[in-house]
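Engineer: sequence-free structure coming up:
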Ligand code: ADP
């Protein structure tokens, strides 16, 4: 670590700070150090996030299966270049038959080399792909980080307990747990998952987390089975709800605005009581 850099000074502070204080409750010590000004708030919050990595499983941070850009093994190099260009992702899983059977990963830099020679353009990507690294949904994030390091790979495909594809995780997803959301160069600006429309209405994406909705609307939605509002409304309906369907939960009407056969996309929440929470949009816009 460069001793002149901020990292160097942080390390210096940490060793000085823990010297003589004991580390029985490291988290408490970090909080106190931040409060006392011995650590910058951002340093303290990063340190706390690092400690919490050990409590996270990969399923908590993965990009879910429905959002994965993947292509079939019979695709040509030229088609793969198109998929990479369109998605903006530099690594794309390759599957045989369906997405539950991922057989490799194609890298943009390998494609670049192939694309230099016109006669390679029709080559199937299966001849250019690399091995995929598979891990179970329950894998500990800290362990995954170590495996990324030892295997010199940056992406893992996450399998559910039946061997189907559950999602994918890259080193960036782990880093985001420590430093917060990172916008990629190619990221289109993301729509917030919770947008307060009027004082008593909010537009929600189907993937908005219940805990964030609770905080924004000052309500108490709970579920042992699901995490998101789309998941909760589907769970209550026992199927994917249709656009136009309404659900009343905890004094709030949830109207399905957009849904297809796989997902609830947009929900309008409207308080049935006069003054239900009108938190600022800013507080709720960082949910990925
Ligand atoms: P890239 O820059 O190639 O997108 P990163 O490692 O920076 O790769 O990942 C950025 C985000 O994109 C992460 O949340 C990661 O899970 C997601 N991601 C990476 N590759 C894919 C892919 N093929 N399909 C869907 N999401 C992906």
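Structural biologist: Nice, thanks for sending it over. Everything numeric here is computed off the predicted structure, so don't read it as measured data. Numbers count the residues shown, from 1 in each chain.
Engineer: what kind of secondary structure is the nearest residue to residue 250 once chain neighbours are set aside in?
Structural biologist: Closest residue in space to residue 250, ignoring its immediate chain neighbours: residue 219 at 4.4 Å, by C-beta to C-beta, 6 or more residues apart in numbering. (C-beta placed from N, C-alpha, C; glycine too.) Under DSSP: H, G, I helix; E, B strand; the rest coil, the three-state class of residue 219 is coil.
Engineer: for residue 219, give me the pLDDT.
Structural biologist: Among the per-residue scores, residue 219 shows a pLDDT of 93.
Engineer: burial check on it, number of neighbours?
Structural biologist: 19 (other C-beta atoms under 10 Å).
Engineer: go on, residue 77?
Structural biologist: Residue 77: 21 neighbours (other C-beta under 10 Å).
Engineer: ok, residue 61 next?
Structural biologist: Neighbourhood size, residue 61 [other C-beta under 10 Å]: 19.
Engineer: check contacts around the nearest residue to it once chain neighbours are set aside.
Structural biologist: In space, and not counting its chain neighbours, residue 61 is closest to residue 173: 4.8 Å by C-beta to C-beta, 6+ apart. By C-beta atoms under 8 Å, 6 or more residues apart in numbering, residue 173 lies in contact with 61, 62, 63.
Engineer: make TSV out of the residues you listed and add distance to the ligand and secondary structure.
Structural biologist: TSV is the format used below for the contacts of residue 173 (distance: C-beta to the nearest ligand atom, whole Å; DSSP: H, G, I helix; E, B strand; the rest coil):
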residue	distance to the ligand	secondary structure
61	8	helix
62	7	coil
63	4	strand
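Engineer: what secondary structure does the closest residue to residue 87 other than its chain neighbours sit in?
Structural biologist: Nearest non-adjacent residue to residue 87, counting by C-beta to C-beta, 6+ apart: residue 69, 4.0 Å away. Classification of residue 69 by three-state DSSP places it in coil.
Engineer: look up how far residue 157 lies from residue 102.
Structural biologist: Distance of residue 102 to residue 157, computed by C-beta to C-beta, to the nearest Å: 5 Å.
Engineer: overlap of the contact sets of the two?
Structural biologist: Common contact partners of residue 102 and residue 157 (C-beta under 8 Å, 6+ apart): 93, 132, 134, 165.
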